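Colleague: below is the sequence, then the predicted model.
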Amino acid sequence: MRLNIPNLLTWLRILLIPVFLMIFYVPDTVISLHHKHYMGTLIFSLAACTDWLDGYLARALGQTSAFGAFLDPVADKLMVAAALIVLVKLDYVDMGIAFIIIGREIAISALREWMAQLGKSTAVSMLGKIKTAFQMAAILLLLFHEPLAGLPINELGTLLIYLAAVFTLWSMVYYIRLALPQIARK
């Protein structure tokens, strides 16, 4: 494994996960829920920025690697799963929605790995990118949770997380349909 800037950013994202989780498990008498919202939003925002930045730098600096291509989506899925678990614990997201999103990530990751073993590539679709955009925006709004400039941030986040769940299921169907010919052969 070569340590380069993109891979270091991915590792930073992974290292932020326990920090993110720890904030929400500190008693409210130590850190108020209000401050937890801000800190959690800040950490998740930083993680989301490193996700974009590591991919950009890997391409711009010619530092793409098989390890980076493997680790980057793992880091993303871990961060999203951690955030969803926190949001379920806070009762900001329904457990069923979290299960749909996390379950899809696990199922499609397994499907992609299986397809790769067969020598078949499953590139990220535009539908998957839309799902990710809705998911990240929803998580950020739900973590922030408090009204901002008169906007009902929590309600907007709730709407977006339901839309993200719809796109999550839709993209899962898309990837399964791509794999159906291979599944039928096995």
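Modeller: That came through, no problem. Numbers count the residues shown, from 1 in each chain.
Colleague: from here on, contacts and neighbour counts on C-alpha atoms
Modeller: Fine.
Colleague: what segments of this structure are helices?
Modeller: Here the chain has its helices, by DSSP state H, at 5-25, 33-60, 66-89, 95-117, 126-144, 153-185.
Colleague: now mean pLDDT and mean neighbour count too, for those, in JSON lines please.
Modeller: Output for the helices of the chain, formatted as JSON lines (pLDDT from 0 to 100; neighbours: other C-alpha atoms under 10 Å):
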{"stretch": "helix 5-25", "mean pLDDT": "95", "mean neighbour count": "18"}
{"stretch": "helix 33-60", "mean pLDDT": "93", "mean neighbour count": "17"}
{"stretch": "helix 66-89", "mean pLDDT": "92", "mean neighbour count": "18"}
{"stretch": "helix 95-117", "mean pLDDT": "90", "mean neighbour count": "16"}
{"stretch": "helix 126-144", "mean pLDDT": "93", "mean neighbour count": "20"}
{"stretch": "helix 153-185", "mean pLDDT": "91", "mean neighbour count": "17"}
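Colleague: which residues touch Ala98?
Modeller: Ala81, Leu84, Ile85, Val88 (C-alpha atoms under 8 Å, 6 or more residues apart in numbering).
Colleague: can you tell me how far the first one is from Ser32?
Modeller: Yep, that's Ala81 we're talking about. Distance, Ala81 to Ser32, by C-alpha to C-alpha, to the nearest Å: 23 Å.
Colleague: what about Leu3, neighbour count?
Modeller: Close neighbours of Leu3, defined as other C-alpha atoms under 10 Å, add up to 11.
Colleague: next one: phi and psi at Gly62?
Modeller: phi 60, psi 40 (degrees, to the nearest 10).
Colleague: which pLDDT does the model give it?
Modeller: If you check Gly62, the pLDDT there is 89.
Colleague: from Met39, how far off is it?
Modeller: Counting by C-alpha to C-alpha - Gly62 and Met39 are separated by 34 Å.
Colleague: same thing with Phe20?
Modeller: Phe20 is 8 Å from Met39, by C-alpha to C-alpha.
Colleague: next one: Ile17
Modeller: Taking C-alpha to C-alpha, one finds Ile17 at 13 Å from Met39.
Colleague: and Ala149, by the same measure?
Modeller: To Met39, Ala149 is 19 Å away according to C-alpha to C-alpha.
Colleague: tell me the gap between stretch 46-55 and the middle of its chain.
Modeller: Taking the mean of its C-alpha atoms, stretch 46-55 sits 11 Å from the chain's own mean (C-alpha atoms, centre = their mean, to the nearest Å).
Colleague: need the residues that contact it.
Modeller: Stretch 46-55 has contacts (C-alpha under 8 Å, 6+ apart) with Ile5, Pro6, Asn7, Leu9, Thr10, Arg13, Leu16, Asp72, Asp76, Met79, Met136.
Colleague: alright, calling it a day.
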